[in-house]
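S.K.: For reference, the sequence and a predicted model appear below.
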Amino acid sequence: MRNRPVRMARWSARHPWSAIVGWFVFVVLCLGAGMATGSNAATAEDFRVGEAGHAESMAAEGGLQRRPTEHVLIRARSGGPDTGSAAAAARELTDRMAALPEVAEVAAPVRSRDGHALRVTVVLKGAELEGRKNVVPLLAQTAKVAADHPGLVVEETGSPAISKGVNDQRADDLALSERLTLPVTLVILLIVFGSVVMAGVPLLLALSSIAASLGLATLASHVLPDPGVGTNMILLIGLAVGVDYTLFYLEREREERARAEGRLSPEALVELAAATAGRAIVASGLAVIVSTATLYLATDVIFSSLATGTILVVAVAVASSLTVLPALLVKLGHRAERRAARKAARRARRGGGQVRTKPATATATGRKPGNGRVFAALLRPARRHPAITLCVSVLLVLGMAAPVLGMKLIDPGKDTFSRDIPAMRVHDRLTAAFPELLVKHEVVVRSAPDRTPEVREALAELSRRALADPLFAPHAEPVVRTSAEGRINVLELAVPYPAPSGPAIESLDRLRGEYLPATVGALPGVEVAVSGDVARGRDYVEHESRKLPLVIGFLLLLTFVMTVWAFRSVVIALVGVLLNLLSAAASLGVLVLVFQGTWAEELLDFDSLGAIASRVPLFLFVILFGLSMDYQVFVVSRIKEARDQGMTARAAVLDGITRSARVVTSAALVMVTVFAAFVFLHLTEMKQMGFCLAVAVLLDAVVVRMMILPSILLLLGERAWWPRRPEQQTGTAAVPVLPVATPSTRPVG
């Protein structure tokens, strides 16, 4: 494993065109295979958890599962109700909808209690989550009816229309994030390398890695169904780590080129880079993959999809850095040498003197590497006063982490979606006219068919109790549906409050805790469970809370083991785990401070949920651990190299962090740019993820790796490498013996 990156780089360097063509053939094959097989979308069954999931399984057993439903709202454009024209519009709409092959049934029109609005309910064919694919013809018919009745407002909403609107908005948001991140990333890389060609290499490899990963993720969806979030994660993580890994490799190759001063061939330089940066990239990639794999322990279709997308894109990014990148560097290196030779020949002809080729120390990769005064200033407190710097920095980070103790979790439902989506604005008007459509609790009962009368009587008593409770809609008639064989009964109870609200949650608690045990739950041999929008959200949050200790426990253990494997040091591994915990806790604390309150709503353009989306903390904790390992591996690798070269523990720490500071900070800026772009998206959950990731990476790169880590290592000294110290050698570290680039030995590109 230790020599494999060097062997791969050596082969790519000696066969550059084979490596380059092979890579792009691999990308095309991945995309082609994905397009040929198509994606296997997750179904409603894949999302079922807890009691709500059990209730939905029982309802599906009797053919009473939820079906995709649309509502068309008809009202006068101005003034009071126009019953005649509204009824005519409803009849036309009913006829048009009933003729569509996507429609299963159209209900009779229902008038609102104030008489100002008419509602037509349309049920689509197919499963619940397939509605968004089939809703377009319905929207078209609604638009035609609206055009035929200019005096009325005829508009449509429902879960299918809202889901389609969310998907369309997400696609627009992702396109916006790409327009923001790609130019900024290119500018950062131009500043780092001072070369348009070399700045384009990381972007090219990152984008090709993303393309290959999208194809592979499509194939993987036939094993783990795709809930529609994996693509977002591949784009988010792929651009960040793809650029980072290439940047680390390029920076090391550039450093070796400057040190060699033209004495080594491009092939030799990429082998030197592979012996150091290549190994660090492998260790870092494995750390991210292993950390992310703990999300599978959550046994949740969304987390599994996020884990799969992240693992695939990280693995492909590592592969691109070890295969096609060395080949590109060799071709660019020879191109730079030929250009330098031609310039020298022209100068010689003009001057009539002897040809002297100036060593191209930085021609291929931009200007000579170095670290500026800013990094020296950041490192100065730890170098001069490590104990004080450590205490102050840790206290600062702990202060940032403090708000996490007051974190509240919520499963954001459709009521939290952006009102820029037309269907959401119609949803607000619909529920204002028909508040009973806000939330429905579904009580599902399974019993022997001969007990159906007894069950229905108990459900009637449950309905009477609920209607007498102000938490339930008093004017909405409870609906009981019974399966054909009589084994399954479903009672729908309406609640006039939005799903994430306190009254809606209280109504669920009262239903489960009081009314059910006293009625249908008291029947022996009868199985009962409650589902619905509120129950789904509550049970999902509880499911994640139960899985959180398991995931975090394995995450800490695997991170520790990976670090021990990478550096053969228990102390370094413990320090890494503690620093990752600090970084993750601080970023989550800032997330709570900003998004759980209302003070930053106008600044970041969001409506506070009063809580954090339930999926965000667990996902971010895992991803942040993986990304933090990136910087830990690259920084500590440089320190270990310095120790292997014979430096003292103190000198090695200062040298390693100083040498890695520039590239780590540049990589962090790329990641921050990518993640911060997600703050401009509409979906609050994505805003929270992007904001927290950006804060965490910036905090980790500047405070943790430039102040806390060097302070700890300077205070520990030689003890940091217990039980095995790095091999102390004089001279240079052990690297392959590589050919000097003389005219007689330089390989031909």
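M.R.: Thanks, I have it.
S.K.: okay, CA-based contacts and neighbour counts for the rest of this
M.R.: Noted.
S.K.: tell me which element the most centrally placed residue in the chain falls in.
M.R.: Centroid-nearest residue in the chain, with C-alpha atoms, centre = their mean: Met233, separated by 3.9 Å. Met233 belongs to helix 230-260 when assigned by DSSP states H and E.
S.K.: which strands and helices sit next to that helix?
M.R.: In terms of contacts (3 or more C-alpha pairs under 8 Å, 6 or more residues apart in numbering; DSSP states H and E), helix 230-260 is packed against helix 196-220, helix 266-273, helix 301-322, helix 649-676.
S.K.: If we use 10 Å, what do you get?
M.R.: Contact here means 3 or more C-alpha pairs under 10 Å, 6 or more residues apart in numbering; DSSP states H and E; on that basis helix 230-260 packs against helix 159-193, helix 196-220, helix 266-273, helix 279-293, helix 301-322, helix 324-351, helix 615-644, helix 649-676.
S.K.: Make a markdown table from those helices and add mean pLDDT and mean neighbour count to it.
M.R.: Formatted as a markdown table, those follow (pLDDT from 0 to 100; neighbours: other C-alpha atoms under 10 Å):
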| stretch | mean pLDDT | mean neighbour count |
| --- | --- | --- |
| helix 159-193 | 86 | 18 |
| helix 196-220 | 92 | 23 |
| helix 266-273 | 88 | 28 |
| helix 279-293 | 89 | 25 |
| helix 301-322 | 93 | 25 |
| helix 324-351 | 84 | 18 |
| helix 615-644 | 85 | 23 |
| helix 649-676 | 86 | 23 |
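S.K.: Give me the number of neighbouring residues for Ala42.
M.R.: Residues near Ala42, counting by other C-alpha atoms under 10 Å, number 20.
S.K.: what sits against Leu219?
M.R.: 30-31, 33-40, 213, 225 (C-alpha atoms under 10 Å, 6 or more residues apart in numbering).
S.K.: so which of those would you say is closest to Val21?
M.R.: Within these, the smallest distance to Val21 is 14.2 Å, found for Cys30 (C-alpha to C-alpha).
S.K.: Next up, phi/psi of that closest one, please.
M.R.: phi -60, psi -50 (degrees, to the nearest 10).
S.K.: Look up the closest residue to it, ignoring the ones flanking it.
M.R.: In space, and not counting its chain neighbours, Cys30 is closest to Gly215: 4.8 Å by C-alpha to C-alpha, 6 or more residues apart in numbering.
S.K.: can you pull out the helices in the stretch 501-650 of the chain?
M.R.: With DSSP state H, counting those that start in this stretch as the criterion, the stretch 501-650 of the chain has helices at 502-510, 516-518, 533-567, 570-595, 601-604, 615-644, 649-676.
S.K.: would JSON lines of these with distance to Val197 be doable?
M.R.: Below are the helices of the stretch 501-650 of the chain laid out as JSON lines (distance: least, C-alpha to C-alpha, whole Å):
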{"stretch": "helix 502-510", "distance to Val197": "57"}
{"stretch": "helix 516-518", "distance to Val197": "69"}
{"stretch": "helix 533-567", "distance to Val197": "33"}
{"stretch": "helix 570-595", "distance to Val197": "35"}
{"stretch": "helix 601-604", "distance to Val197": "35"}
{"stretch": "helix 615-644", "distance to Val197": "25"}
{"stretch": "helix 649-676", "distance to Val197": "17"}
